[in-house]
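Asks: Next one to model:
(one chain, ligands or ions: 3)
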Amino acid sequence: MKFGGTSVGMTTGLSQVLSIVLYEHERWGNLILVVSALEGVTDALIEAAHLAQLNNQRGYRRIVATLRTRHLALIEHLPLGSTEKSALQADLDRLLFDMLDVCRSVTEQHDETVKPEIADKIVQVGERLAARIVAALLRQNNLRGVAIDATDLIITDNAYGNAVPDLGLTRERIAANLTPLLKRGIIPVVTGYIGSSITGTPTTLGRGGSDYTASILAASADAQEVWVWTDVDGLMTTDPRESDDARVIPSLSYEETAELAYFGARILHPRMIAPLRERSIPLRVRNVYKPQQSGTLVREKAASMQPAIRAVTAIQGLGMSTMSSSPVAKIAELVDERLFKVSGSQALMICSQSSAQSFVAFVIPTTAGPDALHSLLITVNESPITSNWNSRAVSVVTAIGSRFDEIHRLTSEVLLMLEGIPILALAQGPSGCSLSVVVETQYGETAASRIHNVILKR
Ligand code: ADP
Ligand code: ASP
Ligand code: MG
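Replies: Ligands and ions are numbered 1, 2, ... in the order given. Okay, the predicted model is just below:
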């Protein structure tokens, strides 16, 4: 079971976590928990790393002080005994102190940007703190919770910031370090999002990576199911923060879910589906505040699943155009270098070319973090390679469903709804589960809401 930052960030969420674990542990026997940092903590830690690189000591110290106060207040408000409380406070101070040391070393290095390797050392603190708090809460309630740092379990390559796990080595580590705990009736509370390279340096799995941690652990420990607990009712027809009429999708196939996550639904990490699909492990996405509801079940495609448009996503992209049919390879290399240099995520491009013009849109994955588009635009605009290219933010709006490759009625329903909106490029995903259109950012919302209307009318 994975509990996101939205679940562990407040006492109300944590008391839900506790009652869910009490109930489900009784039913299932063995549970592995994965927790991410409290909501907003990873963003704050990244900001601290940037301030350290700018030599702004007051700035990063202020962030650390705020984080300390926030975690202390949470610990204070939890129904914990005094021994648990003081142990947690000591852990908090030690972890933040070590992190301040890393920030201090950054100020001494005078690098132009924060090295991803250093950023990973800084951000891992958020997950370590959250895991310790949840484990203490379980212990206080007669469950044998133990906080485990995933640096001892998940072994990755050294693509800092977006690392790729080595599933073979990870499986060995899990057999050695996690399975024995389960056998002793312990509930491991594992830090999401982080891992370590073979040489032991901390790495991270890309933003939103705790979901991926859950699926890596599930696949490596032969789990029966994975449950992602979050702050919404399940996977929905559109982002419920953007649209009040979003509806829960009761069941989806692995392929559809992978596309949903890939094309921008922040709720799941895009790479988390593959390990589950390979081992046919079902995934449930449920609301931590409404455990009586069943949420969404993700599993293999069933014959009973009718071809239909099930969801719509909108994500930022970088659109580049030029008044010549020039090859896009150099541009792709440039963007690849900056945004996708880590082997774990290949640049997704949607291209269209004609005799006199070329257009290419790069989809910015959610794992790249919220600032990715901005820093990419700066890099691209500063490069001599792009001197005759025009770059701007665009929206990539994607209809998710099944069999777009065969049931052309689905494609025509989408396109009819977009009447009047200029489409810069159009692509059907090779899985047959997605149809993406690239539009000017100003049309993104309208395009998504019109496609959503098709889904609601079904
Ligand atoms: P957590 O802290 O639980 O990992 P996230 O913020 O990463 O939570 O993901 C949950 C959020 O994902 C929801 O609050 C919702 O706004 C957003 N979201 C985007 N698209 C969708 C979708 N199609 N279905 C459900 N939630 C979505
Ligand atoms: N805390 C990490 C992030 O904010 C990982 C996660 O939320 O899953 O990206
Ligand atoms: Mg998340």
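Asks: which stretches of this structure aren't confidently modelled?
Replies: Confidence mapping of the chain against pLDDT under 70 gives the ranges 340-346.
Asks: Tell me the residue of the stretch 351-458 of the chain that sits nearest ligand 3?
Replies: Checking the stretch 351-458 of the chain residue by residue against ligand 3 with CB to the ion singles out Thr366 as nearest, at 8.7 Å. For the C-beta atoms, the positions are set from N, CA and C on the backbone; glycine is no exception.
Asks: For that residue, which non-adjacent residue is spatially closest?
Replies: Ranked by CB to CB, 6 or more residues apart in numbering and with sequence neighbours excluded, the top spatial neighbour of Thr366 is Arg266, at 5.1 Å.
Asks: re the thing from before, what's the burial count for the residue of the stretch 351-458 of the chain closest to ligand 3?
Replies: Look at Thr366: counted by other CB atoms under 10 Å, it has 24 neighbours.
Asks: same deal with Glu300?
Replies: Counted with other CB under 10 Å, residues neighbouring Glu300 total 11.
Asks: is it true that it touches Ser253?
Replies: Yes - in this structure, Glu300 sits in contact with Ser253. The criterion is CB atoms under 8 Å, and the distance is 6.6 Å.
Asks: Do you have the strands of the stretch 1-150 of the chain handy? List them.
Replies: Along the stretch 1-150 of the chain, the segments classed as strands by DSSP state E, counting those that start in this stretch run 2-3, 33-35, 145-148.
Asks: Adding distance to Gly200 and mean neighbour count, write those strands out as TSV.
Replies: Formatted as TSV, the strands of the stretch 1-150 of the chain follow (distance: least, CB to CB, whole Å; neighbours: other CB atoms under 10 Å):
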stretch	distance to Gly200	mean neighbour count
strand 2-3	25	29
strand 33-35	21	30
strand 145-148	16	21
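Asks: Any chance of a markdown table for the ones you listed, columns distance to ligand 3?
Replies: Listed next are these as a markdown table, based on distance: least, CB to the ion, whole Å:
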| stretch | distance to ligand 3 |
| --- | --- |
| strand 2-3 | 9 |
| strand 33-35 | 11 |
| strand 145-148 | 20 |
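Asks: Now do whatever residue of the chain ends up closest to ligand 3 against Leu416, distance only.
Replies: For the chain and ligand 3, the shortest gap (CB to the ion) falls at Gly208, measuring 4.1 Å. Using CB to CB, to the nearest Å, one obtains 33 Å as the distance from Gly208 to Leu416.
Asks: For the residue of the stretch 351-458 of the chain closest to ligand 3, which residues are in contact?
Replies: With contacts defined as CB atoms under 8 Å, 6 or more residues apart in numbering, the neighbours of Thr366 are Arg207, Gly208, Ala261, Gly264, Arg266, His269, Pro270, Ile315.
Asks: can you tell me which residues contact Ser358?
Replies: Ser321, Thr322, Ser324, Ser325, Ser326, Val328, Cys351, Ser352.
Asks: beta partners of the first one?
Replies: Going by DSSP bridges, Ser321 is paired in beta bridges with Phe359, Asn390.
Asks: which SS state does the spatially most central residue of the chain fall under?
Replies: Central residue check for the chain by CA atoms, centre = their mean: the C-alpha nearest the mean position is that of Gly208, 2.3 Å away. Per DSSP: H, G, I helix; E, B strand; the rest coil, the local secondary structure of Gly208 is coil.
Asks: Distance-wise, check the closest residue in space to it that isn't next to it in sequence relative to ligand 2.
Replies: Taking CB to CB, 6+ apart, and ignoring the residues beside it in sequence, Gly208 has His269 as its nearest neighbour in space, at 4.7 Å. Distance, His269 to ligand 2, using CB to the nearest ligand atom, to the nearest Å: 7 Å.
Asks: Please apply the same query to Gly206.
Replies: Distance of Gly206 to ligand 2, computed by CB to the nearest ligand atom: 8 Å.
Asks: Can you verify my assumption that that residue contacts Ala368?
Replies: Yes - contact criterion CB under 8 Å: Gly206 and Ala368 qualify, at 7.4 Å.
Asks: buried subset of the contacts of Ser358?
Replies: The neighbour-count criterion (16 or more other CB atoms under 10 Å) marks Ser321, Thr322, Val328, Cys351, Ser352 among the contacts of Ser358 as buried.
Asks: Domains in the protein, by residue range?
Replies: Following the assignment in automatic domain parsing, the chain carries domains at 2-231, 309-457.
Asks: Would you mind giving those domains as a markdown table with distance to ligand 1 added?
Replies: As requested, the domains of the chain are exported to a markdown table (distance: least, CB to the nearest ligand atom, whole Å):
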| stretch | distance to ligand 1 |
| --- | --- |
| domain 2-231 | 2 |
| domain 309-457 | 6 |
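Asks: what number of residues lie near the residue in the stretch 351-458 of the chain that ligand 2 sits nearest to?
Replies: Residue of the stretch 351-458 of the chain nearest ligand 2, by CB to the nearest ligand atom: Gly369 (7.4 Å). Other residues near Gly369 number 18, with proximity taken as other CB under 10 Å.
Asks: Contacts only, for it.
Replies: Ile46, Arg207.
Asks: repeat that for 7 Å
Replies: Arg207 (CB atoms under 7 Å, 6 or more residues apart in numbering).
Asks: Could you list the contact residues of the stretch 101-250 of the chain toward ligand 2?
Replies: Of all the residues in the stretch 101-250 of the chain, those in contact range of ligand 2 (CB under 6 Å from any ligand atom) are Gly126, Gly192, Tyr193, Arg207, Gly208, Gly209, Ser210.
Asks: same thing but 5 Å
Replies: Counting by CB under 5 Å from any ligand atom, the residues of the stretch 101-250 of the chain lying close to ligand 2 are Tyr193, Arg207, Gly208, Gly209, Ser210.
Asks: okay if I get those as TSV plus distance to Val228?
Replies: Written out in TSV, the entries for these read as follows (distance: CB to CB, whole Å):
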residue	distance to Val228
Tyr193	14
Arg207	15
Gly208	11
Gly209	13
Ser210	9
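Asks: for those, which one is nearest Asn56?
Replies: Comparing those against Asn56 with CB to CB places Arg207 closest, at 23.1 Å.
Asks: Can you list phi and psi of that closest one for me?
Replies: Torsion angles at Arg207 (phi, psi; degrees, to the nearest 10) stand at phi -60, psi 140.
Asks: That one: how many residues sit nearby?
Replies: The number of residues packed near Arg207 is 22, by other CB under 10 Å.
Asks: contacting residues for it?
Replies: Residues counted as contacts of Arg207 (CB under 7 Å, 6+ apart) are Thr366, Thr367, Ala368, Gly369.
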